[in-house]
Every structure is written in C-alpha cells, then in structure tokens.
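Below is the structure, and that's it, no one-letter string:
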C-alpha cells in the first residue's frame, strides 16, 4: 500500500467508458480506493462495481470542497463529450485543489463513404438544417436541448429516452419511445424503416454504443444532421479505459515511491 494508506480516486462518469474504468478499478490492487460520480440525468443508472454517488457538487467550489474533504488524490473526467460545463468544472477544480486530472473520452465519429452528414455547431442550427418541408425526424440528442426544435414545429419528431419525460417535451408533434443502449444496427435499421424516418439529428458522441444508428442511416441513405462537439478542456485526452487505468497505476506508483 501507499505508505500504509490507499490512493483515493474520483471518477466523474455516466458513460460506457466510465463504467469500464470502474470495473478495472474494482479489480485493481487494494491500495486504490475509488468513487464513481453520476450526474443524476438518468434516474436508475446501472450500478458500477465500485462505490458511487449521484448528483452534482455545486459548481467548481463544491467540487473543490468535495475533493479536499474526501482527500482525493486523482480526478478522472470520464463524462459525456457534450458535458461541457462539468468538464470545465473538473479542469478548474483539479487546478485549485492541486491534484492531477485525467480526461477519458471516446474519439469522435468520422464521416465514411455513404454517409450524408450536415455538420452544424449547435442545436439551433440543427433545427434550421431540417429545412422548411415537414419531415419525420429521429432526435437522438438527449433531453436537455429539445426546446431548440420548437422553432421547427412542422416536423414530426421521434425521441428515444431511457426515462419517461415528466413533463413531456414541449414540441408540437413528437412521440417518445423508451430504450437503453447499446442498440444493434439491424434493430436501428428496422426502427427507422418502421417509423418512416426521413432525417436523423444526433450529437457526435463517438464510441460504439450509439454508432449503430449511423450505420443504419448509411445503409438506408438517410441524411444525418451532426452536431459538433464543444471545445474540449486543455490537455490531451485518453480514449481507452485500459490506458486511463495504466495512468492511475503509474500515479499510484509515483506516490508510493515518494512515501506519500
């Protein structure tokens, strides 16, 4: 152990990558204690293999307070690529608390032959890119930015969500279906056919868990409105949970060598 104590790691999660890292931490040496933090967007997240908490911290100051109170020695930002505020808070809090920050995120999708993408900078531009003619649109953007599509009420929207909406989305024509990924490309293709979808709006989340709809759109020749990622935090990002785990172990070894 690290001078008789355990190195303490906080993982900001809610992603597949965070869950995989949690499994690696659970199987790691006993000299590493870890906590996974969920933002609370999903009411019943799948419980990880390590201790976890649900809810925010109260901004940068609240996160710094938590890091100091819990004696955290390493912070891992494994949040969603579009969790811009939380990533910014993690960057600032790690600097203020004087502890290292590891960023673990999935690489973005790249356009391939057969893809018909319109790349836009935000949800307002995505709504405008649907055009004036009424269409059947599959929205796969989460629930926080649906209001942007109220400006395009001529379209019929299909929305997929893990949890029921309460209150329902304030869109003139929409239907919500339940579903928790990952989804297979054959099932996604069947859904798009059955629902007579004409366009898809999505974020460039990257990774494999949500890629099936991109494959299905390619096969069906459907246009996709792709919302770009926000600018990432400073520094290099890791894309592999095993690589992040290697960095965590290296940090543990460095602390042990200093007798911390």
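Now that the structure is in, tell me what you want to look at. Predicted model, so just to flag it, every value in this text is computed and none were measured. Numbers count the residues shown, from 1 in each chain.

use CA for all of it now, contacts and neighbours both
Fine.

where do the strands sit along the stretch 101-250 of the chain?
101-103, 117-120, 136-140, 156-161, 174-178, 199-203, 224-227 (DSSP state E, counting those that start in this stretch).

want to throw those strands into a markdown table with mean neighbour count, mean pLDDT and distance to residue 5?
Formatted as a markdown table, the strands of the stretch 101-250 of the chain follow (neighbours: other C-alpha atoms under 10 Å; pLDDT from 0 to 100; distance: least, C-alpha to C-alpha, whole Å):
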| stretch | mean neighbour count | mean pLDDT | distance to residue 5 |
| --- | --- | --- | --- |
| strand 101-103 | 22 | 95 | 21 |
| strand 117-120 | 16 | 98 | 49 |
| strand 136-140 | 21 | 97 | 44 |
| strand 156-161 | 20 | 94 | 42 |
| strand 174-178 | 14 | 93 | 45 |
| strand 199-203 | 23 | 97 | 42 |
| strand 224-227 | 24 | 97 | 45 |
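
got a pLDDT number for residue 81?
Residue 81 carries a pLDDT value of 89.

pretty sure it contacts residue 107?
No: using C-alpha atoms under 8 Å, residue 81 is not in contact with residue 107, being 9.1 Å away.

Geometric centre of this structure: which residue is closest?
The centroid of the chain falls nearest to residue 80 when counting by C-alpha atoms, centre = their mean (2.0 Å).

nearest residue to it other than its sequence neighbours?
residue 15 (6.0 Å; C-alpha to C-alpha, 6 or more residues apart in numbering).

what's the answer for residue 210, then?
residue 182 (6.1 Å).

So, low pLDDT: which residues of the protein?
1-4, 29, 43-44, 232-236, 259-260 (pLDDT under 70).

now the helices: where do they sit in it?
16-26, 59-69, 84-97, 123-129, 185-194, 212-220, 241-257 (DSSP state H).

Name the residues that touch the last one?
The contact list for helix 241-257 (C-alpha atoms under 8 Å, 6 or more residues apart in numbering) reads 1-3, 7, 17-18, 20-21, 24-25, 32, 74, 102, 104, 238.

repeat for the shortest one
Residues lying outside helix 123-129 but in contact with it, judged by C-alpha under 8 Å, 6+ apart, are 118, 120, 145, 148-149, 151-152, 201, 225-227.

do that again at 6 Å, thanks
148-149 (C-alpha atoms under 6 Å, 6 or more residues apart in numbering).

What are the buried residues along it?
Of all the residues in helix 123-129, those buried under the rule 16 or more other C-alpha atoms under 10 Å are 123-124, 126-127, 129.
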